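**Student:** here you go, sequence then predicted model.
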Amino acid sequence: QVLLVESGGGLVQAGGSLRLSCVGSGRTFSSSAMGWFRQAPGKEMKFVAAISRRGEIEYYADSVLGRFTISRDNGKNTVYLQMNSLKPEDTAIYFCAAGAYTTKTESSYSDWGQGTQVTVSP
């Protein structure tokens with residue numbers, strides 16, 4: 001099991017940037033694929049980005065491609081989501097998740113953080 005804690009959310013104007021961090025505890029962090037998902041008010045959870053165990057594979061949702069970058073530092077047990085050119089439609093609670101496989105599928109991830117709120121004003 002990997003315990004995950006997100007941070008870095010906040011309020012930003014459209015066009016601005018934020019960097020989310022997710023720190024994992026437990027021996028299995030470096031052997032876990034990591035993903036970021038988000039959930040807007042009243043809407044379903046959606047995939048944002050994923051990264052493989054060693055960081056050689058990255059996946060992105062079409063809506064964030066070219067604006068968001070996922071990365072990880074296994075020495076610090078941390079995965080990051082750099083978010084640039086933010087839009088009001090990026091407003092959501094952002095969750096990091098750990099799993100055995102690098103996928104875009106929510107159900108593939110077994111361990112989840114508590115989420116961090118990102119709000120983008122027009």
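**Tutor:** Arrived safely.
**Student:** contacts and neighbour counts: CA atoms only from here.
**Tutor:** Will do.
**Student:** correct me, but Cys5 touches Ala97?
**Tutor:** Actually, residue 5 is Val. It isn't Cys. No: in this structure, Val5 is not within contact of Ala97 by C-alpha atoms under 8 Å, at 9.7 Å.
**Student:** shared neighbours, these two?
**Tutor:** Residues touching both Val5 and Ala97 (C-alpha atoms under 8 Å, 6 or more residues apart in numbering) are Gly113.
**Student:** out of those two, which sits in the busier spot?
**Tutor:** Ala97 (28 against 19; other C-alpha atoms under 10 Å).
**Student:** okay, now the residue lying closest to that one once chain neighbours are set aside: neighbour count?
**Tutor:** Leaving aside its chain neighbours, Ala97 sits nearest to Trp112 (4.4 Å; criterion: C-alpha to C-alpha, 6 or more residues apart in numbering). Counted with other C-alpha under 10 Å, residues neighbouring Trp112 total 22.
**Student:** likewise for Arg54?
**Tutor:** Arg54 - counted by other C-alpha under 10 Å - has 14 other residues nearby.
**Student:** what sits against the residue nearest to it when sequence neighbours are not counted?
**Tutor:** Leaving aside its sequence neighbours, Arg54 sits nearest to Ser30 (C-alpha to C-alpha, 6+ apart; 7.5 Å). Contact analysis of Ser30 by C-alpha under 8 Å, 6+ apart lists Arg53, Arg54, Asn74, Asn77.
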